[in-house]
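Undergrad: Have a look; sequence and predicted model below, questions after that.
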Amino acid sequence: MGIRGLMSFVEDHSNEFFSDLKLRDTKIIIDGYALFHRLCFNSNLELRCGGDYDSFADVVQKFFESLFACNICPYVVLDGGCDISDKKLTTLKDRAKEKIQVAHSLSIGGGGYVCPLLIREVFIQVLIKLQVCFVQCFSEADRDIMTLANHWNCPVLSSDSDFCIFDLKTGFCPLNSFQWRNMNTIKGTQNYYIPVKCFSLDALCHYFGNMNKALLPLFAVLCGNDHINLPMIERFLSQVRLPPGAASCKGRRHHRVLGLLNWLSHFANPTEALDNVLKYLPRKDQENVKELLCCSMEEYHQSPVKLQDFFQCGTYVCPEALNLGLPEWVRVALSKGQLAPFISDALVLRRTFLHTQVENMQQPNAHRISLPIRQIIYGLLLNASSHLESMFWNSLPPQTFSEVERINKNIKTSIVDAVALPKDHSDLSKLTELSLGKRQLLLLETLKVKQTILDPVPALLKLPIAVSCYWLQSTEAKAKLYHLQALLLGMLMGPLHAMINSPDKDHLRREDGAKMLYEKLQRMKTRPGTRLDLDTAHVFCQWQSCLQMGMYLNQLLSTPLPEPNLTCLYSGSLVHGLCQQLLTSTSAESLLSMCPEAKQLYEHLFNATRSFAPAELFLPKGKLNSKKKRQKKQGTNWSKNRVGTISNTRCWYEGSNRFGPLMVENVEEIEASELE
């Protein structure tokens, strides 16, 4: 959620509302969403090239190591899918539009912060590696965090201003004053602590004449949070006479925060205050507004979900999820983070958001390339629960899903048809009962690759290589040979790291070569401030979209292929830097000559992918240029190529997909709108 202007207001009154703590020897409940954003945006990471996931993983690991050193036991709580009431939809769309503008700014050398596409998955993988306890809630996590923190009498770590409203017994520690990088020791001991500032709700209420805490949820919804944005509330605020002194506060939002708190402090309880709010509204609107405000105020009350049961016994019981009749294995997988919120949104709301990357905004959305994978995912989710069909699914035509995606520099909701699957794949509750062979076959046929191709590939790279084969075959992708080579060279970083740290003393010579190659590749990372090659960025954004959806499909099928270690699979600044090197003087072969084992692995990866690449990928540069000139002479243009792309896509699926034709009429509608 979040209350506009509240966090900056309380920070401006730090001396009144915060106390200094030396945090150690305690449990702490961490807002996972807030944490990974904070660590991503405040660690000087490269954000333009699609994510330096290795560097991000290092930062996350160091953060938790600081907690462990202070004997702080972290429990991470992650948001799940969108609220089933959809009351936050307008806010989500507004934020999606803002992210497009920021991503565009980054793409042309400006500033801003946009999380790389797979940052959440990387964060979860690091939590698993460090054995940090975490849970993924069914929807928004704030109330569950508050309820757990009060049950365990421990503080909350977040950057969400809603935690200034929740009545937390042990307080709220904002992330921006959580000095985990500056651990200190208690005088005369070797015991570490982290200096923090802890917000006190009692101090806030005391500052405003010992106002009743129960009034604060009403303050939150009147001030404007992510769930409430009523013109009627603006009418009330324009008419109510706020107490003197409010205007002296800096900024319009601070004026509103201070004025509302002063005004509410004169009432004994929420009922009295709410009656006074309604006096300013037309009589015909009063009942509806009252109902909406009361419903929104409930968001600040205790949650029925007992997360302590999950952390102590592995049991996650969410009444909301139970009422929807979701299969038990799906509920369990969601709570453990084994299925992404994307799956939850598609399953419950039949609507998904496709997150914007730093891509070429003049080209079609990079997620377009992975549409066929998503259509298979949607097909698997079709027959989930009769409760869902009766409660939420009547608003869309049968077997269709909606996607909120980038079109140019705006958003658009597109209707997408799910693929009809055979009977044994069409019951979600029994999907886990399918044999490994059948689940693997569905995954590989969706990615258009045969198992035999993957046989020489190491287990953890099978899925990324299968995804790369899919990516190369797509007419959406405009990959060049150096893109493929850079991507595969980047995939060597994990195996090289394993060679370097191998405990086997017989491999010392191999270790030296691996170390030299590893260090040489690290030096090839593109430097901050280097101009971004937009076409290259777009190609790798397409690959990441394929990987993300390939992983989601793999998870939904209970991982017939091992999940790749993302922390050492893709480094954006490395693959962009390698592209520059490969375009000039360096060749992949010369790079790999110092480490025969890495060279052999690279050859396995390259041979697995090359048969799926278009023939022109391997043409000498001169011949490729002459081919382009011939195409130009023949009058080929972008619009004809795009129509041909759609036609070819349909032909392939009708000709060789055993699960029936993909329905891409809606894609044609989008293309037509772009051409206009």
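TA: Yep, it's here.

Undergrad: What helix or strand is the residue nearest to the spatial centre of the chain located in?
TA: For the chain, the residue nearest the mean C-alpha position is residue 120 (4.8 Å; CA atoms, centre = their mean). According to DSSP states H and E, residue 120 maps onto helix 119-130.

Undergrad: buried sites along the helix or strand immediately after that helix in the chain?
TA: Per DSSP H and E, the first helix or strand lying C-terminal to helix 119-130 is strand 133-136. Neighbour counts over strand 133-136 (16 or more other CB atoms under 10 Å) mark 134-136 as buried. For the C-beta atoms, the positions are set from N, CA and C on the backbone; glycine is no exception.

Undergrad: what is the mean pLDDT for strand 133-136?
TA: Averaging pLDDT along strand 133-136 yields 98.

Undergrad: Just after it, pick out the following helix or strand.
TA: Counting by DSSP H and E, the element after strand 133-136 in chain order, helix or strand, is helix 142-152.

Undergrad: C-terminal to that next one, what's the next element?
TA: Counting by DSSP H and E, the element after helix 142-152 in chain order, helix or strand, is strand 156-158.

Undergrad: Model confidence for the closest residue to residue 315 other than its chain neighbours, exactly?
TA: Using CB to CB, 6 or more residues apart in numbering and skipping residues adjacent in sequence, the residue nearest residue 315 is residue 309, 4.7 Å away. At residue 309, the model reports a pLDDT of 96.

Undergrad: Residue 309: what secondary structure?
TA: Under DSSP: H, G, I helix; E, B strand; the rest coil, residue 309 falls in the helix class.

Undergrad: That one: neighbouring residues, count only.
TA: As a burial measure, residue 309 scores 12 neighbours (other CB atoms under 10 Å).

Undergrad: gap between it and residue 144?
TA: Distance, residue 309 to residue 144, using CB to CB, to the nearest Å: 11 Å.

Undergrad: what's the helix or strand for residue 352?
TA: Element membership of residue 352, judged by DSSP H and E, is strand 351-353.

Undergrad: Toward the C-terminus from that strand, list the very next helix or strand.
TA: Sequence order places helix 371-381 as the next helix or strand after strand 351-353, per DSSP H and E.

Undergrad: The strand or helix carrying residue 343 to helix 371-381, inter-axis angle?
TA: Using DSSP H and E, residue 343 falls within helix 341-349. Per axes from the mean of the first three to the mean of the last three CA atoms, to 10 degrees, the angle that helix 341-349 makes with helix 371-381 is 50 degrees.

Undergrad: for helix 341-349, packing partners?
TA: For helix 341-349, the elements it packs on are helix 328-335, strand 351-353, helix 371-381, helix 534-556, judged by 3 or more CB pairs under 8 Å, 6 or more residues apart in numbering; DSSP states H and E.

Undergrad: follow-up on the earlier one: which residues touch the residue nearest to the centre of the chain?
TA: 36, 78, 340 (CB atoms under 8 Å, 6 or more residues apart in numbering).

Undergrad: Which pLDDT does the model give the nearest residue to the last one once chain neighbours are set aside?
TA: Of all residues not flanking residue 340 in the chain, residue 552 sits nearest, at 5.6 Å (CB to CB, 6+ apart). According to the per-residue confidence, residue 552 scores 98 in pLDDT.

Undergrad: what's around residue 552, how many residues?
TA: Count around residue 552 with other CB under 10 Å applied: 20.

Undergrad: likewise residue 213?
TA: Using other CB under 10 Å, residue 213 has 14 neighbouring residues.

Undergrad: next one: the one 5 residues further on
TA: Other residues near residue 218 number 24, with proximity taken as other CB under 10 Å.

Undergrad: Over to residue 587?
TA: The number of residues near residue 587, taken as other CB under 10 Å, comes to 11.

Undergrad: Residue 19 too?
TA: Neighbour count for residue 19, taken as other CB under 10 Å: 13.

Undergrad: One more: the one 5 residues further on?
TA: Residues lying near residue 24 (other CB under 10 Å) number 17.

Undergrad: got any ranges where the protein has weak pLDDT?
TA: Within the chain, the stretches with pLDDT under 70 are 1, 225-233, 235, 239-253, 385-394, 504-511, 619-676.

Undergrad: Show me where it has its strands.
TA: Using DSSP state E, the strands of the chain run over residues 18-23, 26-31, 72-78, 133-136, 156-158, 172-174, 184-185, 192-199, 351-353, 400-407, 410-417.

Undergrad: Which among those strands is found nearest to residue 66?
TA: When the strands of the chain are compared by CB to CB, strand 192-199 sits nearest residue 66, at 6.5 Å.

Undergrad: what's next to that closest one, contact-wise?
TA: Where contact means CB under 8 Å, 6+ apart, the residues beyond strand 192-199 that reach it are 10, 14, 17-24, 66-67, 69-70, 72, 155, 163-164, 171-174, 177-180, 182-186.

Undergrad: cool, and stretch 398-412?
TA: 92-93, 96-97, 100-101, 104, 346, 350-354, 356, 361-362, 365, 367, 374, 378, 382, 396, 413-418, 420, 670, 673-674.

Undergrad: One more: stretch 597-614?
TA: Contact partners of stretch 597-614, identified using CB under 8 Å, 6+ apart, comprise 448-449, 453-454, 456-458, 461, 465, 468-470, 472-473, 479, 481, 484-485, 488-489, 491-492, 495-496, 499, 510, 513-514, 517, 588-589, 592-593, 618.

Undergrad: Now, of the residues you listed, which are buried?
TA: Judged by 16+ other CB under 10 Å, buried ones among the contacts of stretch 597-614: 448-449, 453-454, 457-458, 461, 465, 468-470, 472-473, 479, 481, 484-485, 488-489, 491-492, 495-496, 499, 510, 513-514, 517, 588, 592.

Undergrad: what sits against residue 294?
TA: Contact analysis of residue 294 by CB under 8 Å, 6+ apart lists residue 274.

Undergrad: rerun at 10 Å
TA: Applying CB atoms under 10 Å, 6 or more residues apart in numbering to residue 294 gives the contacts 217-218, 221, 270-271, 274.

Undergrad: could those residues go into TSV alongside distance to residue 613?
TA: Formatted as TSV, the contacts of residue 294 follow (distance: CB to CB, whole Å):
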residue	distance to residue 613
217	58
218	61
221	55
270	65
271	69
274	65
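
Undergrad: Ramachandran angles for residue 188?
TA: phi 80, psi 10 (degrees, to the nearest 10).

Undergrad: Give me the nearest residue to residue 84, chain neighbours excluded.
TA: Nearest residue to residue 84 in three dimensions, chain neighbours excluded: residue 348, at 5.8 Å (CB to CB, 6+ apart).

Undergrad: er, residue 450 I mean
TA: Leaving aside its sequence neighbours, residue 450 sits nearest to residue 444 (CB to CB, 6+ apart; 6.7 Å).
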